[in-house]
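Novice: Predicted model and sequence follow; I will ask about them next.
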Amino acid sequence: MYKRTILVTGLVLAFTGTAAAFDFDWQKALKVGGETLQKVQAANKTVDEAQEIELGQGIAANLLGTSPLLDNNRVQLYVNDVGRWLSLHTERPNLPWQFGVLESTDLNAFATPGGTIFVTKGLLMNLSNESELAGVLAHEMVHVLSKHHLAALQKSARMDLAGDLANEALKDRAGPILDKAVKAGTEVYARGLDKSDEFEADRKGIIIATRAGYDPYGLPAVLQMLDAANAQDSSLALMFKTHPAPRARLNLLDKIMADNFDNYRAPVQTDKRFLAALAQVK
Ligand SMILES: [Zn+2]
């Protein structure tokens, strides 16, 4: 009963939210993110939350440079509503969480440090209900909460710095800041995270989605869809390259979930708004 009450509150909040999906200056974010990365390289130390956010917004701007947002405000707001409701059930509800649907027909989702999450139009259109969307977003949110990309970026930045020091002929250390940000960011996103980070995101993502009132089996349903998809399909190439096989992820979740979540199969009625939002996507 309690769960149902908070869920209804969530839906009301969600439908009254009018904030723009993205309301910051991407050019500035890109520049500041690049400068922050350079500071991280120079200082070689822990990054505070403000830097984490700056860096992530710079990387998000880079990602948007290669893959623009879907031009549909209603869909963007809908995905933000779902994501922000989920964020309230995490240990970092005060991060500047924002969610964007990319125009891309690939099936994928990304997280950048500090709370910017992207899901592609291709993936969104292959989902069947809001619990599946929540499962995908919550998985990405764990990457932010556990600072997986931040750690990978720092490692990559340190290696980059070591390379610079080894090469004394390289005099332009103060040089193209943006190039460095692009390079480090692109590398991490093209290579993917450690498998253990991905499994952790599955495991903890399910808990966040369940806490927010969604069917815990949303993410497993998405993994089943991916498992059944043709692995040779080019729209799946990057996701399959950067993630463990869907079957391996399902096997692990099977073990963890067993029948522990059966009492939480949500009575949530969100199908209508999910379908209404998806009908906007072309
Ligand atoms: Zn992941």
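Specialist: Nice, I can see it.
Novice: Low-confidence stretches in this protein?
Specialist: Residues of the chain meeting the criterion pLDDT under 70: 1-46, 157-186, 265-268.
Novice: Centre-most residue in it?
Specialist: For the chain, residue 111 is the residue whose C-alpha lies nearest the centre (Cα atoms, centre = their mean; 2.9 Å).
Novice: mind checking the SS state of that residue?
Specialist: Following DSSP: H, G, I helix; E, B strand; the rest coil, we place residue 111 in the strand state.
Novice: If it is in a bridge, with which residues?
Specialist: residue 117 (DSSP bridges).
Novice: ok now do it, which residues does it touch?
Specialist: Residues near residue 111 by Cβ atoms under 8 Å, 6 or more residues apart in numbering: 117-118, 140-141, 143-144, 148-149. C-beta coordinates here come from the backbone N, C-alpha and C atoms, glycine included.
Novice: Which one of these sits in the busiest neighbourhood?
Specialist: Counting neighbours by other Cβ atoms under 10 Å, residue 141 leads the contacts of residue 111 with 28 neighbours.
Novice: Check the gap between that one and the ion for me.
Specialist: Taking Cβ to the ion, to the nearest Å as the measure, residue 141 and the ion are separated by 10 Å.
Novice: got it, and residue 122?
Specialist: 16 Å.
Novice: quick one: contacts for the residue nearest to that residue when sequence neighbours are not counted?
Specialist: Distance criterion Cβ to Cβ, 6 or more residues apart in numbering; nearest residue to residue 122, sequence neighbours excluded, is residue 105 at 4.3 Å. Counting by Cβ under 8 Å, 6+ apart, residue 105 touches 120-122, 235.
Novice: could you redo the last one with a cut-off of 10 Å?
Specialist: Contacts of residue 105 were listed using Cβ atoms under 10 Å, 6 or more residues apart in numbering, and they are 120-123, 125, 234-235.
Novice: Any chance of these in CSV with neighbour count and distance to residue 245 as columns?
Specialist: Supplementary listing: the contacts of residue 105 in CSV, determined by neighbours: other Cβ atoms under 10 Å; distance: Cβ to Cβ, whole Å:
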residue, neighbour count, distance to residue 245
120, 24, 20
121, 20, 24
122, 18, 19
123, 26, 17
125, 13, 22
234, 9, 17
235, 17, 17
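Novice: Just the buried positions in stretch 225-243, please.
Specialist: Buried residues in stretch 225-243, counting neighbours by 16 or more other Cβ atoms under 10 Å, are found at 225-226, 229, 235-236, 238-240, 242-243.
Novice: and what of stretch 58-74?
Specialist: For stretch 58-74, a neighbour-count test (16+ other Cβ under 10 Å) marks 58-64, 67, 69-70, 72 as buried.
Novice: for the stretch 151-282 of the chain, what spans make up the helices?
Specialist: Shown for the stretch 151-282 of the chain, the helices assigned by DSSP state H, counting those that start in this stretch span residues 177-191, 195-211, 218-228, 237-242, 246-257, 271-278.
Novice: The ion contacts on this structure?
Specialist: 198, 201 (Cβ under 5 Å from the ion).
Novice: follow-up on the earlier one: you'd agree the residue nearest to residue 122 is in a helix?
Specialist: No: assessed by three-state DSSP, residue 105 does not belong to a helix; its assignment is coil.
Novice: Could you check how far it is from residue 126?
Specialist: Counting by Cβ to Cβ, to the nearest Å, the gap from residue 105 to residue 126 is 10 Å.
Novice: shared neighbours of the two, which are they?
Specialist: Residues touching both residue 105 and residue 126 (Cβ under 10 Å, 6+ apart): 120, 235.
Novice: And residue 256, how far from the ion?
Specialist: Separation of residue 256 from the ion (Cβ to the ion): 16 Å.
Novice: isn't that residue right up against residue 205?
Specialist: No: applying Cβ atoms under 10 Å as the test, residue 256 and residue 205 come out as separate, 11.7 Å apart.
Novice: and these two? which has more neighbours close in?
Specialist: More neighbours surround residue 205 than the other of residue 256 and residue 205, with 26 against 13 (other Cβ under 10 Å).
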